[in-house]
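Undergrad: next one to model:
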Amino acid sequence: MIMEVRPFRAYRFNKDVVGDVGNCIAPPYDVITDEQREQLYRKSKYNIVRVIKGETKASDNGTDNQYTRAARYLNEWIEQGALKQDSADTIYGYVQDFRLGGTSYRRLSFIALAKLEEFGPVVRPHEEVLNGPIVDRLNLKRATGAKFGLVFMLYEDKQGIADRIIEQAAEGEPLVDFVDDEGVRHRLFAITDKEQIDTISRLM
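TA: Numbers count the residues shown, from 1 in each chain. Now for the predicted structure:
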């Protein structure tokens, strides 16, 4: 079984424009309550909640609605330099530190592009998905031409090959470093070395 993964050039919040990048980050759209959305709106005018779960209005219509507004925010932020695309092909090392039951844990992972596959021996469905969220995310993708959020996947790495590469990257300066409302520290690191990228791709 082969999972094809590749590096990419992400758009990331530019701290020179937005200030504290942590104030621009939101939880996954499907766990955000209306109250939490309002709190995120107040955190920063660049908080991504405006794109992934924008407010609906009684006046919404086919040309002005939560999806068209999401596209407008996204395009304006790119034009303003608030969102800036990385210049190098990158796999992003993602490190989470948290405590559970009095014990500290660290989770190492990486973010990359993955080739779409039909369900089968490589990719297996894990749950039934409701039609409402499917239509909602499809409308957002059609309006913005972009994908938000991550597909969380498990992989086998008995020799710790990817872990060592991520740990090495984590010795450098993080691209993002913030602590969320649940006390989880999130850090993002750039892996741009071609040999390391090829090693992770071969591992998959």
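Undergrad: please make it C-alpha for all contacts and neighbour counts, starting now.
TA: Will do.
Undergrad: three-state assignment of the spatially most distant residue from the centre of the chain?
TA: Distance from the C-alpha centroid of the chain peaks at Ser59, with 30.6 Å (CA atoms, centre = their mean). Per DSSP: H, G, I helix; E, B strand; the rest coil, the secondary structure class of Ser59 is coil.
Undergrad: and the residue nearest the centre of this protein?
TA: Residue closest to the average C-alpha location in the chain (CA atoms, centre = their mean): Gly149, at 4.4 Å.
Undergrad: isn't that residue up against Ala26?
TA: No. Using CA atoms under 8 Å, Gly149 is not in contact with Ala26; the gap is 10.0 Å.
Undergrad: okay, and the common contacts of those two?
TA: With CA atoms under 8 Å, 6 or more residues apart in numbering applied, the contact sets of Gly149 and Ala26 do not overlap.
Undergrad: rewinding a little: which one is the residue nearest to the centre of the chain nearest to, not counting chain neighbours?
TA: Pro28 (6.6 Å; CA to CA, 6 or more residues apart in numbering).
Undergrad: count the neighbours of that neighbour for me.
TA: If you count neighbours by other CA atoms under 10 Å, Pro28 ends up with 13.
Undergrad: what's the answer for the one 10 residues further on, then?
TA: Each residue near Glu38 was counted by other CA under 10 Å, and the total is 15.
Undergrad: can you map out the helices along the protein?
TA: Using DSSP state H, the helices of the chain run over 15-18, 34-43, 49-52, 66-80, 131-144, 161-169, 194-203.
Undergrad: extract the CA atoms of the fifth one and return them as PDB.
TA: What follows is the C-alpha trace of helix 131-144 in PDB, where atoms were taken according to Å, rounded to 0.1, in the frame of the first residue of the first chain:
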ATOM      1  CA  ASN A 131     -25.000  15.700   3.900                       C
ATOM      2  CA  GLY A 132     -25.300  19.100   5.600                       C
ATOM      3  CA  PRO A 133     -21.600  19.500   6.400                       C
ATOM      4  CA  ILE A 134     -20.600  18.000   2.900                       C
ATOM      5  CA  VAL A 135     -22.700  20.700   1.100                       C
ATOM      6  CA  ASP A 136     -21.400  23.400   3.500                       C
ATOM      7  CA  ARG A 137     -17.700  22.600   2.800                       C
ATOM      8  CA  LEU A 138     -18.300  22.100  -0.900                       C
ATOM      9  CA  ASN A 139     -19.900  25.600  -1.100                       C
ATOM     10  CA  LEU A 140     -17.000  27.100   0.700                       C
ATOM     11  CA  LYS A 141     -14.500  25.400  -1.600                       C
ATOM     12  CA  ARG A 142     -16.300  26.500  -4.700                       C
ATOM     13  CA  ALA A 143     -16.400  30.100  -3.500                       C
ATOM     14  CA  THR A 144     -12.800  30.300  -2.400                       C
END
